[in-house]
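Chemist: Okay, here's the prediction I keep looking at, along with the sequence it came from:
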Amino acid sequence: MTNWKMKSAGYLTNHMTRLFFQGLRDEIAPLGIAPAQFMTLLEVWKADDLTQKDLVERLDVEQATMANTITRMERDGLIERRPMPSDKRAKAIVATEKAKAIQKDAIDAAMRVNRSFLEVLSPDEQTQLLDLMRRIVENKTQSKG
């Protein structure tokens, strides 16, 4: 890598993101899910009464992207859309038994990827890195709104 790349937060963040994505993709592929599906399932596993709009807001993705992800997940038997008791026009996104059956393995796979990337850092450095990343994300998320 050239020197300017090693001094660019944008370049390093992008490069590290691609490496994380590839690592996660490789780890969860045997479970029949992709990273975008995993990200969505993490929210759906927490609550069975989320709408597509809720997922868009929680995951900070475009509406069209979420619609495509949910369509693929429904096709793959990972989620079902059910009427919301409070609003029959809205649909709740619910994890299927198939999705629930892979929850532990998927989370374990993601934890392995995180550990493999962070193992080069001491525990204190890991905490510091995550704190700094959260601060940047929170700052930029707030400035968007």
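Modeler: Cool, the structure landed. Residues are numbered from 1 along each chain as shown.
Chemist: show me what contacts the residue sitting nearest the centre point of the chain?
Modeler: The structure's the chain has its C-alpha centroid closest to Met39; by CA atoms, centre = their mean the separation is 2.6 Å. In this structure, Met39 makes contact with Leu59, judged by CB atoms under 8 Å, 6 or more residues apart in numbering. All C-beta spots, glycine's among them, are computed from the backbone N, C-alpha and C.
Chemist: Kindly provide the distance from the residue nearest to Leu78 when sequence neighbours are not counted to Asp48.
Modeler: Counting by CB to CB, 6 or more residues apart in numbering, Ala99 is the residue found nearest to Leu78 once chain neighbours are left out, at 4.3 Å. Ala99 sits 11 Å away from Asp48 when distances are taken as CB to CB, to the nearest Å.
Chemist: Those two: which is more packed in?
Modeler: Of the pair Ala99 and Asp48, Ala99 is the one with more neighbours under other CB atoms under 10 Å, namely 24 against 13.
Chemist: Check which helix or strand that one maps to.
Modeler: Secondary structure assignment for Ala99, by DSSP states H and E: helix 97-118.
Chemist: and that helix, what does it pack onto?
Modeler: Taking 3 or more CB pairs under 8 Å, 6 or more residues apart in numbering; DSSP states H and E as contact, the helices and strands that helix 97-118 lies on are helix 9-28, helix 35-46.
Chemist: in the shortest one, what counts as buried?
Modeler: Of the residues in helix 35-46, those buried under the neighbour-count criterion (16 or more other CB atoms under 10 Å) are Pro35, Ala36, Gln37, Phe38, Met39, Thr40, Leu41, Val44.
Chemist: Can you show me the CA trace of that helix as PDB?
Modeler: This file holds the C-alpha atoms of helix 35-46, laid out as PDB (Å, rounded to 0.1, in the frame of the first residue of the first chain):
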ATOM      1  CA  PRO A  35     -24.400 -10.600   5.200                       C
ATOM      2  CA  ALA A  36     -27.400  -8.300   4.500                       C
ATOM      3  CA  GLN A  37     -29.800 -11.100   5.500                       C
ATOM      4  CA  PHE A  38     -27.800 -11.700   8.700                       C
ATOM      5  CA  MET A  39     -27.900  -8.000   9.600                       C
ATOM      6  CA  THR A  40     -31.700  -8.100   9.100                       C
ATOM      7  CA  LEU A  41     -32.100 -11.300  11.000                       C
ATOM      8  CA  LEU A  42     -30.200  -9.800  14.000                       C
ATOM      9  CA  GLU A  43     -33.100  -7.300  14.300                       C
ATOM     10  CA  VAL A  44     -35.900  -9.800  13.600                       C
ATOM     11  CA  TRP A  45     -34.600 -12.300  16.100                       C
ATOM     12  CA  LYS A  46     -34.900  -9.500  18.700                       C
END
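Chemist: All set, thanks.
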